[in-house]
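Colleague: Have a look at this prediction, sequence included:
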Amino acid sequence: MNKSNSSEILLSIYKLLYKKFGPQHWWPGETRLEIIVGAILTQNTAWGNVEKAISNLKKEGLLKAGALSRVPKKTLARLIRPSGYYNIKAQRIKNFLSFLNRDYNGKLHKMFATDMHKLKNELLAVKGIGPETADSILLYAGGKPAFVVDAYTKRIFSRHGFLKEDASYDEAQDFFKMNLPLDIRLFNEFHALIVKLGKDLCASKNPLCDKCPIGRINNG
DNA sequence: CACCAGGCAAGTA
DNA sequence: TACTTGCATGGT
């Protein structure tokens, strides 16, 4: 499939999802730090569980870089318990704050002033931040044009023949980058709509859902 | 009861 | 490089 065809189809899919589901208002968080913490907490975890953890942190006044840097890891782990993997995630949040404090004097606005690709490599060097979490931070906390790929994205777009089943993160991301305009709003909404579609209709054991709106476009 | 959820790192060969 | 395993709660 050539680029212009893929580009037209991708945009058609986006428009259809937007018409069907409407704006998703991502990221569901009020501050950049809350978005970053949420991005770590939601790793392989249902968002509802993350909300409970975030709520606990808010109650304790811990969604500030200074407070979060000082709270004992053990206390942090107890508060984020509902989100699962709480020991490892507490360490990951601590790792991010150590990086922020060490390289940017604890200032998110300084961190996000860095070139996007340079910053992505820096984030990937933080233990516990992988490609999806890094891109989520860049796009949803930083407003940078990073297209986020997640398990739903690979599942849905490989089932419809756009990606190999075993496509790597970068291969999947390249497909979207090559076939979409570099538009932050579009990247934001498209990823959110893919997750919405995945939650509503594309359970992992639902190989080809006859209700999938993408099927109508891709198969005529 | 089994399976899944907006991943990632570390170990093995 | 390509697999495998541990991490863990809460909903369906």
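Modeller: Noted; the coordinates are in hand.
Colleague: For chain A, which segments count as strands?
Modeller: Remark: no strands are assigned in chain A by DSSP state E.
Colleague: Centre of the chain to stretch A:185-193, how far?
Modeller: When distances are taken as Cα atoms, centre = their mean, to the nearest Å, stretch A:185-193 is centred 10 Å away from the chain's centroid.
Colleague: can you tell me how far the closest residue to A:Lys120 other than its chain neighbours sits from A:Phe96?
Modeller: Of all residues not flanking A:Lys120 in the chain, A:Ala134 sits nearest, at 5.3 Å (Cβ to Cβ, 6 or more residues apart in numbering). For every residue, glycine as well, the C-beta is placed using N, CA and C. Per Cβ to Cβ, to the nearest Å, A:Ala134 is found 11 Å from A:Phe96.
Colleague: Neighbour count: these two, which is higher?
Modeller: A count of neighbours by other Cβ atoms under 10 Å puts A:Phe96 above the other of A:Ala134 and A:Phe96, at 25 against 21.
Colleague: what about the residue nearest to the more buried one when sequence neighbours are not counted, how many neighbours?
Modeller: The shortest distance from A:Phe96 to any non-neighbouring residue, by Cβ to Cβ, 6+ apart, is to A:Val126 (5.6 Å). Residue neighbour count, defined by other Cβ under 10 Å, stands at 20 for A:Val126.
Colleague: ok, now A:Phe157?
Modeller: Using other Cβ under 10 Å as the criterion, A:Phe157 is surrounded by 22 other residues.
Colleague: wait, what's in contact with it?
Modeller: Contact analysis of A:Phe157 by Cβ atoms under 8 Å, 6 or more residues apart in numbering lists A:163, A:172, A:175.
Colleague: Now tabulate those in CSV and tack on distance to A:Gly106 and pLDDT.
Modeller: Formatted as CSV, the contacts of A:Phe157 follow (distance: Cβ to Cβ, whole Å; pLDDT from 0 to 100):
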residue, distance to A:Gly106, pLDDT
A:Leu163, 39, 95
A:Ala172, 33, 97
A:Phe175, 37, 97
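Colleague: from chain A, which residue is nearest to DNA strand C?
Modeller: DNA strand C sits closest to A:Gly84 of chain A, with a gap of 2.6 Å, by Cβ to the nearest atom of the strand.
Colleague: In chain A, which residue is most central in space?
Modeller: By Cα atoms, centre = their mean, the mean C-alpha position of chain A lies nearest to A:Ser136, the distance being 3.7 Å.
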